[in-house]
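[1] Please work out how this folds:
(2 chains)
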Amino acid sequence: MTQKRKLVIIGAGMASGRLVEHLLERDPQAFDITLFNAEPRGNYNRIMLSPVLSGEKSWADIVTHDDAFYAHNAITTRFGEHVVRIDREAKTVHGEKGSVPYDDLVIATGSAPFIIPVEGRDLPGVVTYRDLDDTNAMIAAAEAGGKAVVIGGGLLGLEAAAGLKERGMDVTVIHLAGHLMERQLDEAAGYLLKRDLEGRGIKVHCKASTAAILGSDAVEGVLLEDNTGFEASLVVMAVGIRPETRLAVDAGIEVARGISVTSALTTLNDPSIHALGECVDLDGQLFGLVAPLYDQAAVLADNLLGGESRFVPKELATKLKVTGVNLYSAGDFAEGEGREEIVLRDAMAGIYKRLVLKDNRLIGAVLYGDTADGPWFFDMIRNGTDIAEMRETLVFGQAYQGGSPLDPMAAVAALPPEAEICGCNGVCKGRIVETITARGLTSLDEVRAHTKASASCGTCTGLVEKVMALTLGDSYNPAAVTPVCGCTDLGHDDVRRLIRAGGLKTIPAVMQALEWKTSGGCAKCRPALNYYLVCDWPEDYSDDYQSRFINERVHANIQKDGTYSVVPRMWGGVTSSKELRAIADVVDKFAIPTVKCTGGQRIDMLGVKKEDLPAVWEDLGKAGFVSGHAYAKGLRTVKTCVGSDWCRFGTQDSTGFGIRLEKFMWGSWTPAKVKLAVSGCPRNCAEATCKDIGVICTDAGFEIHFAGAAGLEIKGTDVLCQVRTEDEALEIIVALTQMYREQARYLERIYKWAARIGHDEVRRQVVEDTDRRRACFDRFVLSQKFAQVDPWSERVSGRDKHEFRPMATLSMEAAE
Amino acid sequence: MNAMTRNWVVVGSIDDIPRQGARCVKNGDMTIAVFRTADDRLFALEDRCPHRGGPLSQGIVHDGCVTCPLHNWVISLESGKAQGADEGATQSFPVMLDAGTVLLDLGAGG
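    As a prediction, this is how the structure comes out:
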């Protein structure tokens, strides 16, 4: 066996992550890899930090390589450790915690944010926008509210501004140039963008030169050269980046603006040292967008494995990732000798398109408002297509060429195989089609996994789905995300996330903000939204009873003949002669036709007329009964056995613990019904192992089970954990319930939710992560302050009277 | 009485009916459900789903329709007809709102 070569990579950014993937894919045995990263974490999708900032995505969503990946591929990780120097003589990298020898070294140190050298730049509250720590600092600052100033109106600055605005801050953008994003946009599009942002409440000041950042102990404001001042408790500097070249300079490697490299990405004066990513300088050109960085990663991977690939920079297209703003630019759109332009404006629709032509060829495009034709124009720019014949209609887009209908599907069908679909990853249509066919792929996730198309910024997801639909025909089921109902295209998870991110606190607010397609929703989405709002805003939201299913609205179970059944709570299934006598009296008084024991150890009275419900409840209430919530998507029963009180095998007080659980948790609303059971010994007489949450008592303590079912599907539980005391068991069960309340989709039982997110993930969140568990527990307790009100006694005292009485009773005479 | 006869009967006030809700009017053996939409339009249907006789008054009211609480049939408030793939209709009654007072036309059929 040949010795593996030692490869050291400095920097775990997007480019080096891709490099590692290529190397492992091509030859997992070739290298012993050591990966340094100054950030205390591995590779993640840095360009998705903006959605994290705005709350549309979570950190977990954007991790591209987790610990398991590095462990599985035997990559030595040195995260959170700075590299001190490179010793080229000894071919050794010196980190803060020790040195590593290398055969090949890749410097992928990326770039550092440029800090304007003004007074006050070091004050607390002045941040840059580069990595997760910056993002978290901004999120934390936004929680305190107040005013933010973003210095820099480029891509990054505007995404930061939009994110901070989403998080409730009062945001001002100050920008040095005459219009926003001057490197990607012309003045007209810059104006439309400014107007859109101002429409969202973000203030924009162009031609604004920063003179100083003010404040004594922390930042208090920003002062411009013209003496205009802005108050701010947070200042984000997003004026640009510069390649991080310190290590290379110190090691005597040739550096211009970035680390100078050949087209093979090797440094000019050391053949065993290579550079990759934003720190690279190729003939004076720097690279900041992700597409060329991925190209570089592929080229360098090939060369490290003995190939002779060359990196050739290509034309680039840019998109702004601000939800609701459509902006696309590509190529060269500056005015110049011999250049012509075609402009289309539709002020009402907020559309602006500008094409720049030279010698009958498209060389640049700026699209605002309607960007659907972006990839088509971009394709022509790259291919140098002669547009003489379609010149008249070119600006109207692809659909107007050759009389093809205005159908986005037809537009994608008409794209040639080499047309680029995913700009970030440089994936063309032909590659997607081939991969789908060769590997028999059917889902978007699979296509992402195999081709990387739409796996980075995700804005081309729609295009990728269309390519899939064209390739797979009817067998493509785009229901990767099933919409909540016909009123929206969003799935439950997105709706829940956006409710929290947007601070949406009423059903109309949700429908407005998430662009519901119907005016008032339907019988599917309204109960779901009502639940999500009840769960997420226990203190603020007032329950919309008209959006609840009848059973929850009148607190009884409707039967096939329109009568109702009534089930009072019997805590832990324990009752008394007094309670039984009260039930007997009610049954007689209201001539209730059927009395039955339920599977959850209580008594059901069936066939009660709706008008009688309040009177039935009043009599039951006098005997101490409260609602059993037998009708609720909420906590139903806690079934118990007699445990150590009576049973000769009982190990713990299972009845007492069951009652304690029920008293703690009754009244809580959940995505679907929740049934518990506590068995006093492993003989399991309370049948705890087919419940949503079950407990098996043992001499050693409590074994907590979860994710069982005994309905349409039968499923035994899994053990969540074992604990010694009743208090610990209570905390874990309550935290699990709260986690389920917050994460599951409406009508999704615990066993389905747990299967979807993974049983280990549940264990990690409620068993291993004690802080998280405690926080979940506390949120449940808070929610219970508002939920634990007996709905029956409320109605006996007059609430919702209208529900139980006819509006009018017309006499027979009047009707004739 | 011929079919054109109007037989307006006062049944109550619009404030008696919750928005996106319904109240019942008992008329002999028949129950009539009077619905109020989110934008304060009023409709009246016999309180019987054409499917299995479920009480439509107990359903969720949305976008000019009500979803039956028993098996989720969706019934148009205006026509009483089942929507979507389901077929059937329940009787509908003219409703009038006069300065907050709700009147039902029980017609010749009463």
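
[2] tell me the contacts of A:Q784?
    A:664-665, A:667-668 (Cβ atoms under 8 Å, 6 or more residues apart in numbering or on different chains). Where you see a C-beta, it was placed from the backbone N, CA and C, and this is true even at glycine.

[3] which one among these gets closest to A:E56?
    Taking Cβ to Cβ as the measure, A:S668 is the one of these closest to A:E56, at 28.3 Å.

[4] Pull the contacting residues for that closest one.
    Per Cβ under 8 Å, 6+ apart, neighbours of A:S668: A:634-635, A:737, A:741, A:780, A:783-784, A:787.

[5] before we move on, which element is A:L293 in?
    helix A:290-304 (DSSP states H and E).

[6] Give me the distance between the nearest residue to A:T437 once chain neighbours are set aside and A:K429.
    Using Cβ to Cβ, 6 or more residues apart in numbering or on different chains and skipping the chain neighbours, the partner closest in space to A:T437 is A:T471 (6.7 Å). Using Cβ to Cβ, to the nearest Å, A:T471 is found at 9 Å from A:K429.

[7] how about A:R799, phi and psi?
    The phi and psi values for A:R799, taken as degrees, to the nearest 10, are phi -70, psi 140.

[8] That one: neighbour count?
    Per other Cβ atoms under 10 Å in any protein chain shown, the neighbour tally for A:R799 reads 13.

[9] The helix holding A:L293: how far from the chain's middle?
    Distance, stretch centre to chain centre, for helix A:290-304: 29 Å (Cα atoms, centre = their mean, to the nearest Å).

[10] Mean confidence (pLDDT) on it, please.
    Helix A:290-304 comes out with an average pLDDT of 91.

[11] Residues in contact with that helix: which ones?
    A:7, A:14-16, A:18-19, A:21-23, A:26, A:30-31, A:47, A:104, A:106, A:264-266, A:274, A:276-278, A:280, A:287, A:308-311, A:313-314, A:316, A:423-426, A:452, A:456-457.

[12] With stretch B:59-67 instead?
    A:518-523, A:526-527, A:546-550, B:20-22, B:33, B:35-38, B:41, B:45, B:56, B:68-69, B:73-78, B:83.

[13] Likewise for stretch A:259-275?
    Contacts with stretch A:259-275, where a contact means Cβ under 8 Å, 6+ apart, come from A:86, A:88, A:91, A:102-108, A:243, A:245, A:248, A:251-254, A:258, A:276, A:279-282, A:296, A:299-300, A:303-304, A:308-312.

[14] Can you select the buried ones from those in ChimeraX?
    Buried residues among these (16 or more other Cβ atoms under 10 Å in any protein chain shown), as a ChimeraX selection:
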select /A:86,91,102,104,105,106,107,108,243,245,248,251,253,258,276,279,280,281,282,296,299,300,303,304,309,311
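
[15] Looking at the contacts of stretch A:259-275, which are in strands?
    Those of these mapping onto strands are A:86, A:104-107, A:243, A:280-281, per DSSP state E.

[16] so what's residue 102 scoring on pLDDT?
    With no chain named, the answer covers chain A. Predicted confidence (pLDDT) for A:Y102: 96.

[17] My question was about chain B, not that one.
    Predicted confidence (pLDDT) for B:V102: 93.

[18] Next: the one 3 residues further on.
    Note on B:D105: pLDDT of 90.

[19] Now do stretch A:373-391, average pLDDT.
    Confidence for stretch A:373-391, expressed as mean pLDDT, is 83.

[20] Only the buried residues of that stretch, if you could.
    Residues of stretch A:373-391 classed as buried: A:373-382, A:387, A:390 (neighbour count, 16+ other Cβ under 10 Å).

[21] Residue 71: what's it in contact with?
    Because you didn't say which chain, this covers chain A. Counting by Cβ under 8 Å, 6+ apart, A:A71 has no contacts.

[22] meant chain B, my bad for not saying
    B:49, B:51-52, B:54.

[23] any idea how far A:V280 is from it?
    65 Å.

[24] re earlier: between the contacts of A:S668, which is nearest chain B?
    Looking at these and their distance to chain B, the nearest is A:G634, at 18.0 Å (Cβ to the nearest Cβ).

[25] Please verify my assumption that the closest one contacts A:K673.
    Yes - using Cβ atoms under 8 Å, A:G634 is in contact with A:K673, at 7.0 Å.

[26] Chain A contacts on chain B?
    B:9-12, B:16-21, B:23-28, B:31, B:34, B:37-38, B:52-55, B:58-63, B:67, B:69-70, B:72, B:74, B:106, B:110 (Cβ under 8 Å from any Cβ of the partner chain).

[27] Show me which of the contacts of A:Q784 are buried.
    Neighbour counting with 16+ other Cβ under 10 Å marks A:664-665, A:667-668 as buried within the contacts of A:Q784.

[28] quick check, nearest of those to A:R799?
    Within the buried ones among the contacts of A:Q784, the smallest distance to A:R799 is 15.3 Å, found for A:G667 (Cβ to Cβ).

[29] sec struct for that closest one, please.
    coil (DSSP: H, G, I helix; E, B strand; the rest coil).
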